[in-house]
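> let me see the structure of the following:
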Amino acid sequence: MKKTVEQRKEKGRRRPERQGALAKREGAAPVSGRRKGLRGLFSRPRPSGLSAASQRLDEQRRRVDAEAKRKLKRLEQLSDKQLVLRRQRQQKQQRRKLRNRQLLRKYLDKAGFEEADESVVSKNIFRIIIVACLVLSGGALIIASMGKPGVKDSIVFLTGLWTGIFAGLFVLAWVLLYIFLDIKIFKRTLEIEEVLPDFLQLASANISAGMPVDRALWFAVRPRFGILAKEIEDVAKSTVSGEDLRDALAKFTAKYDSVVLKRSINLLLEGMESGGEMAELLNKIALNIQETRILKKEMAANVMTYAIFIGFATVVAAPVLFGLAGQLLIIIQKIMGLMAAEGAGSGASTGMFSISLSGDSITLKDFRIFSVATLFVTSLFSSFIISIIRKGNVKEGAKYIPMFVLATLALYFLATWVLGFLLGGLLEL
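Next up is the predicted model:
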């Protein structure tokens, strides 16, 4: 037993020596001890060729990784820029939509449609345009199926309908809506200016009776005042809820583009601030408004001659002259046709002079289109001028513009028919 233990110890002492000799033969440093022998056993050096190749591979791998990181960073920067630009575009669109809604809301409030929702109005306009385009598309398809022009023409027409015509109808609908609201606001302003002197005189009487200004304005309201009565009720409600009377009256005047109303309210507010005699001040303001109105009527009466002259020249003289010119064109064309049939050709010579006449230079259809377009434009601008002369504003005479245009065109067609009946017998002689 002792012998076996000694043999094991001897083997343990000889093992490091054998490992050291083996390391010397392989070119490694000699190791001593059991731990060094194990380290040398598992850490054999690589050949120099393999280590250089691995270093090159590691370097290439690092370069590829660095390039990939740079590309990824560049893509992230580009994506961030695109996101920022997209957000900026979205914010601009939102701000534009908000401005349009605020403008529409302002017009609706001034026109008296406080309960109408601007988003609902926009959706209804869009739906109306869609329905109109669908109706036009259906009519075009029906006409195409009856006339059989081919599929290509129908597709081209529908494409133009849903692009150009749709955009044109969209713009036209919004323009007509704002024109309608503007005229409605102007009519409300005229109604307020019409009853404003009576309202101020009643308020002056209430102040003379000992009422404060806010109560005097409130008790001066009458149902016959209409829009002004409703606005003064809103002012009174605002003052009861705690708002200052000056701020409430300033909001009221800002809703309407009326010089008379703004001057009257400004004088009222200045009188309240200075502490003057309010009853006398309101009475003088009312008398001044009435005198100004009478002066405008006198000025309109003085320039009535100019309005009559412009109206006669546009509604009567111009249609008759255009109708006569059309009939003369018909007569000349028929005379030239008779001369050509008799062998005179398109020219006639007398002595040293040569006269060349031709009736084909202007057709009757082109002349009638020109006459209608000219009369339409002339009557439109003439109605504008007459409205400015009589009322001082185009909007106040806007209701007479369609009547003016229709009367001009109707008289033109009537004059054309009558002159054709009267002058038609000349060709039979």
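> against Arg293, how distant is Val418?
Val418 is 44 Å from Arg293, where distance means Cβ to Cβ, to the nearest Å. Just so you know, the C-beta spots here come from the backbone N, C-alpha and C atoms, and that holds for glycine as well.
> check what contacts stretch 370-384 and list those residues.
Contact partners of stretch 370-384, identified using Cβ atoms under 8 Å, 6 or more residues apart in numbering, comprise 310-311, 313-315, 318-319, 322, 325-326, 394, 397, 400-401, 404-405, 407-409, 412.
> show me which positions of that stretch end up buried.
Of all the residues in stretch 370-384, those buried under the rule 16 or more other Cβ atoms under 10 Å are Ser371, Leu375, Thr378, Ser379, Ser382, Ser383.
> that older thread, which ones among the contacts of stretch 370-384 map onto strands?
Applying DSSP state E to these, no entry is found in strands.
> quick check on the residues you listed: which are buried?
Looks like the contacts of stretch 370-384 have 310-311, 314-315, 318-319, 322, 326, 397, 401, 404-405, 407-409, 412 buried, using 16+ other Cβ under 10 Å.
> so where's the longest helix in this structure?
Longest helix of the chain, by residue count under DSSP state H: helix 48-110.
> give the other helices and strands that that helix contacts.
In terms of contacts (3 or more Cβ pairs under 8 Å, 6 or more residues apart in numbering; DSSP states H and E), helix 48-110 is packed against helix 118-147, helix 166-208.
> which parts of the stretch 251-400 of the chain are strands?
347-350, 353-356 (DSSP state E, counting those that start in this stretch).
> quick one, what contacts Val175?
By Cβ under 8 Å, 6+ apart, Val175 has no neighbours at all.
> where's it relative to Arg96, distance?
18 Å.
> quick check: mean pLDDT of the longest helix of the chain?
Helix 48-110 carries an average pLDDT of 73.
> got it, and stretch 186-206?
On average, the pLDDT along stretch 186-206 is 87.
> contacts for it?
Contacts with stretch 186-206, where a contact means Cβ under 8 Å, 6+ apart, come from 110-112, 213, 215-217, 219-222, 224-228, 231-232, 256-258, 260-261, 264, 278-283, 285-287, 289-290, 393, 395-396.
> swap in 7 Å and give it another go.
112, 216-217, 219-220, 225-228, 256-258, 260-261, 264, 279, 282-283, 285-286, 289-290, 395-396 (Cβ atoms under 7 Å, 6 or more residues apart in numbering).
> for the chain, what helix or strand is lowest in average pLDDT?
helix 33-42 (a mean of 45; mean pLDDT, DSSP states H and E).
> thinking again about what came up before, the longest helix of the chain to helix 118-147, inter-axis angle?
Counting by axes from the mean of the first three to the mean of the last three Cα atoms, to 10 degrees, helix 48-110 lies at 100 degrees to helix 118-147.
> run the angle between helix 48-110 and helix 166-208 for me.
Using the same axes, to 10 degrees, the direction of helix 48-110 lies 50 degrees away from that of helix 166-208.
> for helix 48-110, what is the distance to the chain centroid?
Relative to its parent chain, helix 48-110 has a centroid offset of 33 Å by Cα atoms, centre = their mean, to the nearest Å.
> now do stretch 378-390
Between the centre of stretch 378-390 and the centre of its chain there are 28 Å (Cα atoms, centre = their mean).
> could you shift the numbering so residue one becomes 166, and keep it that way?
Happy to do that; since the first residue is 166 now, the last one works out to stretch 543-555.
> average pLDDT for that stretch, rounded please.
If you average the pLDDT over stretch 543-555, you get 86.
> which residues sit against stretch 409-419?
The contact list for stretch 409-419, computed with Cβ under 7 Å, 6+ apart, reads Val378, Asp379, Glu396, Val400, Ser403, Thr404, Leu426, Lys427, Ile430, Leu434.
> which among these gets closest to Phe335?
Checking the contacts of stretch 409-419 against Phe335 with Cβ to Cβ, the nearest one is Glu396 at 34.1 Å.
> how about that closest one: what's its closest non-neighbour residue?
Closest residue to Glu396 apart from its sequence neighbours, by Cβ to Cβ, 6 or more residues apart in numbering: Phe417 at 5.4 Å.
> same question for Gly488.
Ala580 is the one closest to Gly488 (Cβ to Cβ, 6+ apart), at 3.5 Å.
> what stretches of the protein score poorly on pLDDT?
Low-confidence segments of the chain (pLDDT under 70): 166-219, 221, 240-249, 305-306, 308-323, 325-327, 505-526, 589-594.
> what are the phi and psi angles of Ser406?
Note on Ser406: backbone dihedrals following degrees, to the nearest 10 are phi -80, psi 0.
> separation between it and Lys462?
Distance, Ser406 to Lys462, using Cβ to Cβ: 41 Å.
> now swap in Ser369 and tell me
Distance of Ser369 to Lys462, given as Cβ to Cβ: 24 Å.
> what's around Thr470, how many residues?
For Thr470, the count of nearby residues is 10 (other Cβ atoms under 10 Å).
> ditto for the one 3 residues further on
With neighbours defined by other Cβ under 10 Å, the count for Ile473 comes to 11.
> what of Trp383?
Trp383: 19 surrounding residues under other Cβ under 10 Å.
> mind listing what it touches?
Each residue near Trp383 by Cβ under 7 Å, 6+ apart is listed here: Ile397, Ala401.
> can you rerun that using 8 Å?
Ile397, Glu398, Ala401.
> how about the nearest residue to the last one, chain neighbours excluded?
Pointing back at Ala401 there. The nearest residue in space to Ala401 (Cβ to Cβ, 6+ apart) is Trp383, at 4.6 Å.
> next: the first one.
For Ile397, the nearest residue in space outside its immediate sequence neighbours is Val386; the separation is 5.1 Å by Cβ to Cβ, 6+ apart.
> doesn't that neighbour lie inside a helix?
No - Val386 is assigned coil when assessed by DSSP: H, G, I helix; E, B strand; the rest coil, not a helix.
> now the helices for the stretch 366-515 of the chain?
For the stretch 366-515 of the chain, the helices defined by DSSP state H, counting those that start in this stretch cover 378-384, 392-405, 410-419, 424-439, 443-467, 469-477, 483-506.
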